[in-house]
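S.K.: Task: produce atomic coordinates for the following.
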Amino acid sequence: MQLTKQQYYWWNHWMTGTILILILVATPLLTIFFKIFEAPGASWAHLAENLLFGYFKNTLFILAGVSFFTFLLGVSTAWMVTNYQFPGRRYFEWLLILPLGFPAYIMAYTYVGLLDYTGPIQTFLRNSFGIQVKGSLVDIMNIPGAIFILSITLFPYVFLLARASFLQQSKTLQEASSLLGKNSWNTFFKVALPMARPAIVGGIALASMEVLNDYGTVKYFGVNTFTTGIFRAWFSMGDAATAIYLAAILMVLVFVILYLEGLQRGNRRFSANNSMTKPLVRAKLSLGKRWTLTLICTGIFLLSFFVPFLQICQWVGLTYEKVIDQHFFLLVGRSFGLAAGVGLIIAFLSVILLYSLRLSPFKWLKNITKVSTLGYAVPGAVIAVGIMIPLLSLDHWIIDSFPVGTGRLILSGTLLALAFAYVVRFMAVGYNPIEAGFQKIGIHVNEASRLLGRGTCKTLAKVDLPLIKTSVLSGILLVFVDVLKELPLTLILRPFNYQTLATKAFDMATNEMIAESANASLIIILTGIIPIIFLNRLIRKRGLLGKVGNSE
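M.R.: Numbers count the residues shown, from 1 in each chain. Okay, here's the model as predicted:
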């Protein structure tokens, strides 16, 4: 027996909570939208005449470069590990995901240190061969360098989605291509690549949004983009209106990317009928070709993770005695506590939203609930500006209406504002795993409990939450990692003299203390690796790898 619409209340406390959460999460985007209709700031004319074109050019050039190289690296490696047998293939399935745990800004100053005059490469060349190079071995503090850094840290987005798509493709299609006289290259370009296109474009879209969110890399390399422009307008020029205009343009770029990704995907299906599929069988290559693939994957892994990680560890070994003290442990505890607290808040809000959907038969509620996940697609600097403006207005209203004597701001520049911004930015990260958990257990268990006389709150506490606890913990863990390494949003909204591991690492690196910054960086990287391991296990658990035949 199922509950009918008449047994649901049109409005209840769950619905009220859902609407309040959605209004809260949508506040930054609505703020930017309404503020762009106001007059521009005093600095806008100067910025539009002298800097805006440069912001556009640099941002779009970096976007194009990173899109190309993430496609090249991600698709090629995904095809290799999916379709061919070669030494080390099983390890590269997860080793090539590890760069996602390496924040781009940490990768940036690590490579600068590696290539510097006092770095290990030049030191080795001088000591072993007497080769002297003035300055950096290779100057990467420019736009091509930023493209390189962002590409080697973001290509796993494309690798993961392309690999999952290749794994689900049928051997039958490849056999049909062979019978039509097509070689392996033609099969890849004419059959496998078109079928994987939605997944690949989705991965490139994710990488592109990370590029638009990046501040640490481009700031450290001295490249002017929209993100650095927002910081300059807000902190250097003190012009909030100009920062809003820049944030609005950046937000439009994000929505254009999302629109194009959805447009190319449309309603088309790129899959085969399951009843007609045969499992993929990895091809056996000649000895030389097998080792060539191993060398290619090894080279990519060395550049994108192992070498910079090894350099971070070396710096930690040289500097930990003077960096790790009581204050450092307080910094770690503060960062972990903030990240865990935000994770719990997001999990709590996600459960309210999703449980409200289970109680309501109305489809429109499901559609508007998706608003809560938009924040992840919006750069952190945009969210920060969208939150700071209403909080400043609210602070001024409170001070004017209820004088507190000191005239200090109550909400702006506090941990409350920072936590609010994190919730908006990373709501989707916690929401999606919990949504998957609710979908897995279905609605019938919930309905059975309510038909037995249990109220909605008791049903949630006694039935639903115990069944989805793994999904809730996964959501909290993913949010924890993302908050820990978030930089631009934290730099704008953090309280005065408040540091997290991310801001500490960045501040020390920009103050020419690269080796010392490695201690905070190592904790961020090691923490970021944890969900990557779970992600790889999840792919295996879902049986994707089981669809691939073993030709060993």
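
S.K.: CA only for contacts and neighbour counts going forward, please
M.R.: OK.

S.K.: Ignoring the adjacent residues along the chain, who's closest to Thr153?
M.R.: What sits nearest to Thr153 in space, not counting adjacent residues and going by CA to CA, 6 or more residues apart in numbering, is Pro99, at 5.1 Å.

S.K.: residue contacts, the one you found?
M.R.: Neighbouring residues of Pro99 by CA atoms under 8 Å, 6 or more residues apart in numbering: 152-154, 156, 304-305.

S.K.: From the residues you listed, pick the one nearest Val423.
M.R.: Leu154 (23.1 Å; CA to CA).

S.K.: Now the strand or helix carrying the closest one: buried residues?
M.R.: Assigned by DSSP states H and E, Leu154 belongs to helix 143-167. Neighbour-count burial for helix 143-167, counted by 16 or more other CA atoms under 10 Å, picks out 143, 145-167.

S.K.: do the same with stretch 122-142
M.R.: For stretch 122-142, by 16+ other CA under 10 Å, it's 122-123, 136-137, 140-141.

S.K.: Then stretch 18-27?
M.R.: The neighbour-count criterion (16+ other CA under 10 Å) identifies 18-19, 21-22, 25-27 as the buried residues of stretch 18-27.

S.K.: quick one: which of those sit in strands?
M.R.: Using DSSP state E, no member of these falls within strands.

S.K.: quick one: low-confidence parts of the stretch 101-250 of the chain?
M.R.: For the stretch 101-250 of the chain, residues meeting the criterion pLDDT under 70 lie at 135-136, 169-187, 189.

S.K.: Same question for the stretch 301-450 of the chain.
M.R.: 361-362, 403-408, 442-450.

S.K.: what's the burial count for the residue lying closest to Leu150 once chain neighbours are set aside?
M.R.: Leaving aside its chain neighbours, Leu150 sits nearest to Ala104 (6.0 Å; criterion: CA to CA, 6+ apart). Other residues lying near Ala104 total 26 when counted by other CA atoms under 10 Å.

S.K.: ditto for Leu253
M.R.: That count, for Leu253 with other CA under 10 Å as the rule, works out to 18.

S.K.: And for Gly288?
M.R.: Gly288 has 10 neighbouring residues, counting by other CA under 10 Å.

S.K.: same question, Trp44
M.R.: Neighbours of Trp44 (other CA under 10 Å): 20.

S.K.: could you list every residue that touches the residue lying closest to it once chain neighbours are set aside?
M.R.: Once flanking residues are discounted, Trp44 sits nearest to Thr242: 5.4 Å by CA to CA, 6+ apart. Contact partners of Thr242, counting by CA under 8 Å, 6+ apart, are 40-44, 230, 233-234.

S.K.: Show me which of the residues you listed are buried.
M.R.: Taking 16+ other CA under 10 Å as the criterion, what is buried in these is 40-41, 43-44, 230, 233-234.

S.K.: So which of these is the closest to Ile200?
M.R.: Relative to Ile200, the closest of the buried ones among the contacts of Thr242 is Ile230; by CA to CA it sits at 30.4 Å.

S.K.: Skipping adjacent residues, who's closest to that closest one in space?
M.R.: Ala243 (4.9 Å).

S.K.: What's the separation between the closest residue to Thr470 other than its chain neighbours and Tyr355?
M.R.: Nearest residue to Thr470, sequence neighbours excluded (CA to CA, 6+ apart): Gly437, at 7.9 Å. Counting by CA to CA, to the nearest Å, the gap from Gly437 to Tyr355 is 11 Å.

S.K.: Next, show the common contact partners of the two.
M.R.: Joint contacts of Gly437 and Tyr355 (CA under 8 Å, 6+ apart) do not exist.

S.K.: count of neighbours near Leu414?
M.R.: For residue 414 the amino acid is Thr, not Leu. Using other CA under 10 Å as the criterion, Thr414 is surrounded by 15 other residues.

S.K.: Now that Ile149 has come up, it's in contact with Ala104, right?
M.R.: Yes: the pair Ile149 / Ala104 is scored as a contact, 6.5 Å apart, by CA atoms under 8 Å.

S.K.: who touches both of the two?
M.R.: Thr217.

S.K.: so where's the longest helix in this protein?
M.R.: If you go by DSSP state H, the chain has its longest helix at helix 326-359.

S.K.: So which elements touch that helix?
M.R.: Where contact means 3 or more CA pairs under 8 Å, 6 or more residues apart in numbering; DSSP states H and E, helix 326-359 is packed against helix 13-35, helix 363-369, helix 415-441, helix 465-485, helix 501-510.

S.K.: how about a cut-off of 6 Å?
M.R.: Using 3 or more CA pairs under 6 Å, 6 or more residues apart in numbering; DSSP states H and E as the contact test, the elements touching helix 326-359 are helix 465-485.

S.K.: So what touches the helix or strand where Ala108 lies?
M.R.: If you go by DSSP H and E, Ala108 is part of helix 104-115. Applying CA atoms under 6 Å, 6 or more residues apart in numbering, the contact partners of helix 104-115 are 119, 136-137, 150, 216-217.

S.K.: if I look at the residue nearest to Thr153, how far off is Met107?
M.R.: Pro99 sits 9 Å away from Met107, taking CA to CA as the criterion.

S.K.: Point to the residue nearest the middle of this protein.
M.R.: Centroid-nearest residue in the chain: Glu210, 6.1 Å away (criterion: CA atoms, centre = their mean).

S.K.: Looking at the contacts of helix 104-115, which are in helices?
M.R.: Among these, DSSP H puts 150, 216-217 in helices.

S.K.: If we only consider these, which is nearest to Lys284?
M.R.: Nearest to Lys284 among the ones in helices among the contacts of helix 104-115: Leu150, at 33.6 Å, using CA to CA.

S.K.: Could you tell me how many residues sit around Pro194?
M.R.: Based on other CA under 10 Å, the number of other residues close to Pro194 is 13.

S.K.: Over to the one 4 residues further on?
M.R.: Other residues lying near Pro198 total 22 when counted by other CA under 10 Å.

S.K.: swap in Tyr220?
M.R.: That count, for Tyr220 with other CA under 10 Å as the rule, works out to 18.

S.K.: Please report the distance of it from Val423.
M.R.: For Tyr220 relative to Val423 (CA to CA), the value is 27 Å.

S.K.: go on, Tyr105?
M.R.: Per CA to CA, Tyr105 is found 22 Å from Val423.

S.K.: do Tyr215 as well
M.R.: In terms of CA to CA, Tyr215 sits 20 Å off from Val423.

S.K.: what's the answer for Leu473, then?
M.R.: The gap separating Leu473 from Val423 is 16 Å, by CA to CA.

S.K.: Show me which of the two is the more surrounded one.
M.R.: For Leu473 versus Val423, neighbours defined as other CA under 10 Å are more numerous around Val423 (26 against 17).

S.K.: Give me the nearest residue to that one, chain neighbours excluded.
M.R.: Distances taken as CA to CA, 6+ apart place Ile346 nearest to Val423, at 6.1 Å, with adjacent residues excluded.
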